[in-house]
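Undergrad: With the input below, show me the fold.
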Amino acid sequence: MTEWTITIESELPMLNLNQRYHWAKKAQLTKHWRALALTNAMAADLPRNLDRIHVVAHVVKPTSRQYDIHNLMPTLKACVDGLVDYGLIPDDTNKHLTGPDLRQGGKGPAAIRITITEDSSGTE
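TA: From the prediction side, this is the model:
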């Protein structure tokens, strides 16, 4: 199977299910992460028009403090939408996407490392 990895870094905070941002602030952050994913996909020269992929994302944090990884799903959702905007897959429905799966990625500069694997399982 073919596999690609992109790393998305930002000075802005990741979206978190526990945040209670004003809708405009939340929209701004969502747009930011979505655009970063699109830009990183272009820079990595990822393929386009794949039929089905599996996405695993490792979240790297600057501290070793414990956190609930699933609370960062809104950030990953924005990134996956950016990959769709790029044209990696036609849509992020179950027909084209397995996952996305979130994992802890250890300590380091804040980032999301997204591993994309071409998925030929055809499972919906």
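
Undergrad: tell me the mean pLDDT for the longest helix along the chain?
TA: Ranked by residue count under DSSP state H, the longest helix found in the chain is helix 23-43. The average pLDDT within helix 23-43 is 96.

Undergrad: Then stretch 114-124?
TA: 82.

Undergrad: Mind listing residues that contact it?
TA: 1-8, 37, 46, 50, 52-58, 76, 79, 83, 88, 94-95, 98 (CB atoms under 8 Å, 6 or more residues apart in numbering). To be clear about C-beta, it is placed using only N, CA and C from the backbone, and glycine gets the same treatment.

Undergrad: residue contacts, the residue nearest to A35 when sequence neighbours are not counted?
TA: Excluding the flanking residues, the one nearest A35 by CB to CB, 6 or more residues apart in numbering is G82, at 6.5 Å. Residues in contact with G82, defined by CB under 8 Å, 6+ apart, are W33, R34, A35, L36, A37, L38, A41.

Undergrad: quick check, G82 in a strand?
TA: No: going by DSSP: H, G, I helix; E, B strand; the rest coil, the assignment for G82 is helix, not a strand.

Undergrad: and the strand ranked longest in the chain, average pLDDT?
TA: Counting by DSSP state E, the longest strand found in the chain is strand 97-107. Strand 97-107 shows a mean pLDDT of 95.

Undergrad: The helix or strand following it pairs with which strands, and in what direction?
TA: The helix or strand immediately downstream of strand 97-107 is strand 111-118, counting by DSSP states H and E. Strand 111-118 has the following strand partners under DSSP bridges: strand 3-9 (antiparallel), strand 53-61 (antiparallel).

Undergrad: Give me the buried stretch members for strand 111-118, please.
TA: A111, I112, R113, I114, T115, I116, T117 (16 or more other CB atoms under 10 Å).

Undergrad: The fifth one and G82, how far apart?
TA: Counting by CB to CB, to the nearest Å, the gap between T115 and G82 amounts to 15 Å.

Undergrad: if we can go back for a sec, out of the buried residues of strand 111-118, which one sits closest to Q19?
TA: Nearest to Q19 among those is I112, at 16.4 Å by CB to CB.

Undergrad: hang on, the closest one packs against T75?
TA: Yes: the criterion here is CB atoms under 8 Å, and I112 meets it with T75 at 6.5 Å.
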